[in-house]
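K.L.:
Everything below, folded, please.
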Amino acid sequence: MQLQKLRNIGIAAHIDAGKTTVTERMLYFTGTTRKMGEVHDGEATMDFMKQEQERGITIASAAISCSWKDHAINIIDTPGHVDFTIEVERSLRVIDGMIAVFCGVAGVEPQSETVWNQADRYGVPRIAFVNKMDRVGADFHEVTRQMEKYLDANPVPFQVPIGSEDDFQGAIDIIERKAHTFKDMEHEVMDIPEAYREKVEAARTRLIEKLADYNEMIMDLYLSGADVPAGLLKKAGREATIKMLITPVFCGSAYKNKGTQLLLDAVIDFLPSPVDVGAVVGIDIDDAEKSHTRHPSAKDPFAALAFKLIHDPYVGQQTFIRVYSGELRSGMQVFNSTRKKPERIGRIMRIHAKEREEIDAAGPGDIVALIGMKYTKTGDTLCDPDQPLYLESIFVPPSVIEMKISPPTKKEDEKLGAALRKLAMEDPSFTVRFNDETNETIIAGMGELHLEIIIDRLKTEFGVTAMVGEPSVAFRETITREVDCAYKHVKQTGGRGQYAHTVMRLEPNEGKGFEFEDRIKGGAIPTEYIPSVRRGIEAAMAEGILSEFPVVDVKAVLLDGTFHEVDSSDMAFRTCASICFKEGFLKANPILLEPVMKIEVNTPDDYIGDVVGDLTKRRGRIESMRRYRKGSQKVIGFVPLMEMFGYATQLRNMTSGRANYSMEFHKYVPVNREIQEKVLKQRELKKKEKAS
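P.N.:
Residues are numbered from 1 along each chain as shown. Alright, predicted model coming up:
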């Protein structure tokens with residue numbers, strides 16, 4: 001198939017806007033499925049995990065291939081819940097275009113803004129689909145207005161809805177001047193009804209005015225008063241969409257089978273192919289200043305990005321990759337430049353949700369799953385061994401909530417460990433660490449629902465009924481002033497001793513993570529021991545010093561030291577650096593950092609005072625309040641996560657169940673002294689209880 005006829009698209013939106021239903025209808029009308037699965041029945045093709053079917057939400061992004069009008073379309077359906085934002089992040093990294101789905105009643109919701117900003121980060125062109133036009137209160141033009149106001153999207157309606165709410169019948173294509181009505185499974189194309197002629201011509205004029213800004217031919221025709229042909233409008237609309245100058249807006253009701261075929265046409269007409277997206281630029285693996293370009297061509301050297309891992313009970317680990325250039329064949333050897341390891345390609349699968357089809361080769365633009373990869377993880381680059389490069393990886397947000405987990409019996413300890421390792425491989429926003437001092441395993445994730453799903457999956461997929469503690473906040477530790485520190489590690493035993501001496505300076509490094517600088521002169525510490533010093537510092541940071549919370553945002557500068565010809569070793573320098581760092585850290589006015597969440601609450605006007613008052617009590621800072629829709633307001637603010645446990649219940653009680661909220665990680669900020677002492681005291685008490 002020609003590359004121009006391939007579309008790699010994602011479908012993203014706020015939870016419950018109808019993404020999965022839109023995808024189900026697309027699969028049905030393209031002939032990929034014979035039966036339409038419904039989310040509320042737990043039978044959606046794309047929601048094939050047991051947890052998705054029970055909750056009626058999407059948790060893992062699912063990939064599926066279909067075809068429409070001689071074009072191949074790879075669709076990735078993504079979750080709407082903020083706890084699974086990594087799924088949206090990694091999908092947006094590899095797709096070429098996106099359908100942003102909005103509820104015709106609710107309009108632009110909190111998570112709509114989050115996915116929109118994520119798409120902006122990766123420069124993904126998009127079209128908008130206003131869904132649920134058959135619902136009471138649906139308003140196509142209000143949603144378009146909200147897109148312009150809150151998303152800065154430059155939305156341009158390409159359709160005029162025919163009727164609304166119970167009377168919604170279909171849409172009029174402004175470019176072709178044709179009306180499309182839908183009844184049951186019947187799709188009828190007709191001339192524009194008389195009552196809509198004026199409205200359509202006014203909308204067409206607005207569309208022409210918008211596109212005239214980007215196309216001189218349209219500008220000339222418009223100024224001369226001539227009619228602009230449909231072909232020219234489509235071409236200009238496509239170019240403006242791909243350059244992210246406009247967002248075409250379409251409408252329908254996926255559940256009622258209205259408008260899906262027109263949306264599929266829009267994917268082909270306005271979203272880019274790999275050729276339109278053009279070359280990707282990678283970084284040289286030896287010199288970060290140098291770059292390499294890979295064109296979407298089978299003749300270019302092979303380059304692909306691994307964006308997802310799934311453990312399948314039947315075939316083992318599936319590694320999903322997006323091929324950018326070159327050709328991949330079974331049995332071929334490729335190079336994982338991220339891990340610096342060679343990988344041999346086993347089986348290549350094209351995925352249809354939970355079904356799979358084995359293929360011999362994959363080329364530019366293909367999204368496929370590989371079976372039998374040994375080293376490859378999410379965000380890794382696979383490339384030609386003779387022409388290696390790094391492709392831009394995937395942004396992983398930090399985990400903000402953690403809990404202790406243990407197996408029901410000692411016998412199942414190994415089984416739990418293996419299952420947690422597999423889940424952490426699949427999901428980079430889920431982390432697992434073992435605390436040697438307390439002998440406890442701690443898991444961390446993006447929110448309470450995220451960890452709840454992990455526990456559920458342990459039980460259903462891995463057969464481990466784990467015991468868990470209460471969720472707690474994932475604090476961090478850092479320093480607030482610069483200090484110099486030195487430590488000499490000398491240990492004499494019967495045989496060979498241990499000797500290492502390090503002198504270092506610790507500096508606050510706000511927002512930049514950990515940095516290590518080597519300023520050793522004249523071989524005071526041999527070069528081979530410098531990495532050992534760094535590893536010793538990193539080990540101390542991972543364990544935490546104030547109270548077992550990981551240390552962040554510190555710069556360590558190695559200034560001086562001494563060594564012993566016989567007694568110095570890798571282990572001696574690691575131990576020395578670790579102790580030196582701990583001692584220096586405690587002198588550098590250490591503080592705790594807490595995760596602060598951005599919260600958006602949609603509430604009826606009647607409860608606005610209660611909602612704002614409650615957030616203020618929780619140490620929240622209100623940033624803005626704005627009209628959400630008639631009779632409702634949207635409150636946007638920032639609140640420490642430790643104050644937000646049980647908020648869902650409180651909000652429900654306070655507003656008689658009429659308000660809803662969305663929360664996402666914003667940043668880590670210092671906690672005040674009083675709260676820090678309280679947190680550290682609680683940790684100390686728990687330790688003593690455990691010991692006794």
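
K.L.:
so where is the stretch 101-250 of the chain shaky, pLDDT-wise?
P.N.:
Counting by pLDDT under 70, the stretch 101-250 of the chain contains low-confidence ranges at 110.

K.L.:
any chance you could map the helices in it?
P.N.:
Counting by DSSP state H, counting those that start in this stretch, the segments of the stretch 101-250 of the chain that form helices are 110-121, 140-151, 197-212, 216-223, 230-242.

K.L.:
looking at these, which is buried most?
P.N.:
With neighbours defined as mean count of other CB atoms under 10 Å, these peak in mean count at helix 110-121, which reaches a mean of 20. Bear in mind the C-beta positions are built from the backbone N, C-alpha and C, glycine included.

K.L.:
now the nearest residue to Asp570 once chain neighbours are set aside, what's its secondary structure?
P.N.:
In space, Asp570 comes closest to Ser532 once its chain neighbours are excluded; the distance is 4.6 Å by CB to CB, 6 or more residues apart in numbering. Here Ser532 is helix, with the state taken from DSSP: H, G, I helix; E, B strand; the rest coil.

K.L.:
how about Ser532, what does it touch?
P.N.:
By CB atoms under 8 Å, 6 or more residues apart in numbering, the contact set of Ser532 is 570-571, 573-574, 577.

K.L.:
Show me the strands in the stretch 401-550 of the chain, by range?
P.N.:
Across the stretch 401-550 of the chain, reading from the start of the chain, the strands by DSSP state E, counting those that start in this stretch fall at 401-406, 431-435, 440-445, 467-468, 472-473, 476-478, 483-491, 498-508, 515-518.

K.L.:
I should have written the stretch 1-150 of the chain there, sorry.
P.N.:
Chain-ordered strands for the stretch 1-150 of the chain, with DSSP E, counting those that start in this stretch as the definition, fall at 6-13, 62-68, 71-77, 97-103, 126-131.

K.L.:
quick one: which of those has the weakest pLDDT on average?
P.N.:
When the strands of the stretch 1-150 of the chain are compared on mean pLDDT, strand 62-68 scores lowest, with a mean of 77.

K.L.:
Centre of the chain to that one, how far?
P.N.:
Its chain's C-alpha centre and that of strand 62-68 lie 20 Å apart, by CA atoms, centre = their mean, to the nearest Å.

K.L.:
In the stretch 501-650 of the chain, where is pLDDT below threshold?
P.N.:
Using pLDDT under 70 as the threshold, the predicted model of the stretch 501-650 of the chain has low-confidence ranges 628-629.

K.L.:
change it to 80
P.N.:
Across the stretch 501-650 of the chain, the stretches falling below the confidence threshold (pLDDT under 80) are 627-631, 646, 648.

K.L.:
mind listing the helices for it?
P.N.:
Counting by DSSP H, counting those that start in this stretch, the stretch 501-650 of the chain forms helices over residues 530-543, 570-587, 608-617, 647-654, given from the N-terminal end onward.

K.L.:
Could I get those in a markdown table, plus columns for distance to Lys459?
P.N.:
Formatted as a markdown table, the helices of the stretch 501-650 of the chain follow (distance: least, CB to CB, whole Å):
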| stretch | distance to Lys459 |
| --- | --- |
| helix 530-543 | 29 |
| helix 570-587 | 38 |
| helix 608-617 | 35 |
| helix 647-654 | 23 |
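
K.L.:
Out of those, which gets nearest to Gly252?
P.N.:
The minimum distance between Gly252 and the helices of the stretch 501-650 of the chain falls on helix 647-654, with 31.6 Å, by CB to CB.

K.L.:
For the closest one, list every residue counted as buried.
P.N.:
In terms of neighbour count (16 or more other CB atoms under 10 Å), helix 647-654 has its buried residues at 647, 651, 654.

K.L.:
CSV for those residues, including distance to Glu583?
P.N.:
Formatted as CSV, the entries for the buried residues of helix 647-654 read as follows, by distance: CB to CB, whole Å:
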residue, distance to Glu583
Tyr647, 40
Leu651, 46
Met654, 49
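
K.L.:
what's the closest of the residues you listed to Ala179?
P.N.:
Top of the list for closeness to Ala179, among the buried residues of helix 647-654 and by CB to CB, is Leu651 at 43.6 Å.

K.L.:
Return the distance of the closest one relative to Arg619.
P.N.:
Distance from Leu651 to Arg619, counting by CB to CB, to the nearest Å: 16 Å.

K.L.:
same question, Leu593
P.N.:
Applying CB to CB, one obtains 15 Å for the distance of Leu593 from Arg619.

K.L.:
ok, these two, which is more surrounded?
P.N.:
Leu593 (21 against 17; other CB atoms under 10 Å).

K.L.:
my guess is that one meets Val669, correct?
P.N.:
Yes. Between Leu593 and Val669 there is a contact under CB atoms under 8 Å: 6.3 Å.

K.L.:
in the sheet, who's paired with Leu305?
P.N.:
According to DSSP bridges, Arg322, Thr381 are recorded as the beta-bridge partners of Leu305.

K.L.:
Just want the phi and psi numbers for the nearest residue to Asn131 once chain neighbours are set aside.
P.N.:
By the measure of CB to CB, 6+ apart, the closest residue to Asn131 outside its immediate chain neighbours is Gly18, 4.3 Å from it. Here is the backbone geometry of Gly18 (degrees, to the nearest 10): phi 110, psi 20.

K.L.:
distance of Gly18 from Ile401?
P.N.:
Applying CB to CB, the value for Gly18 to Ile401 is 28 Å.

K.L.:
And for Val94?
P.N.:
With distances defined as CB to CB, the gap from Val94 to Ile401 amounts to 27 Å.

K.L.:
mind listing what Arg619 touches?
P.N.:
Arg619 is in contact with 639-640, 643, counting by CB under 8 Å, 6+ apart.

K.L.:
Most neighbours of all those residues, which one?
P.N.:
Among the contacts of Arg619, Val639 has the most neighbours (other CB under 10 Å), with 21 neighbours.

K.L.:
Distance of the closest residue to it other than its chain neighbours relative to Ala474?
P.N.:
Ranked by CB to CB, 6+ apart and with sequence neighbours excluded, the top spatial neighbour of Val639 is Gly620, at 3.9 Å. Using CB to CB, Gly620 is found at 19 Å from Ala474.

K.L.:
helices and strands around the biggest strand by length in the chain, which ones?
P.N.:
With DSSP state E setting the assignment, residue counts place strand 591-604 as the longest strand in the chain. In terms of contacts (3 or more CB pairs under 8 Å, 6 or more residues apart in numbering; DSSP states H and E), strand 591-604 is packed against helix 110-121, strand 476-478, helix 608-617, strand 632-640, strand 660-670, helix 673-691.

K.L.:
out of those, which comes closest to Cys251?
P.N.:
Each of those has some distance to Cys251 by CB to CB; the shortest is helix 110-121, at 15.7 Å.

K.L.:
Can I get that closest one in PDB? Just the C-alpha atoms.
P.N.:
Extracted as PDB, the C-alpha positions of helix 110-121 are listed here (Å, rounded to 0.1, in the frame of the first residue of the first chain):
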ATOM      1  CA  PRO A 110     -10.700  19.200  32.500                       C
ATOM      2  CA  GLN A 111      -9.100  16.200  30.800                       C
ATOM      3  CA  SER A 112     -10.000  17.600  27.400                       C
ATOM      4  CA  GLU A 113      -7.500  20.400  28.200                       C
ATOM      5  CA  THR A 114      -4.900  17.900  29.400                       C
ATOM      6  CA  VAL A 115      -4.900  15.800  26.300                       C
ATOM      7  CA  TRP A 116      -5.000  18.900  24.100                       C
ATOM      8  CA  ASN A 117      -1.900  20.200  25.800                       C
ATOM      9  CA  GLN A 118      -0.200  16.800  25.400                       C
ATOM     10  CA  ALA A 119      -1.000  16.800  21.700                       C
ATOM     11  CA  ASP A 120       0.500  20.300  21.500                       C
ATOM     12  CA  ARG A 121       3.700  19.000  23.200                       C
END
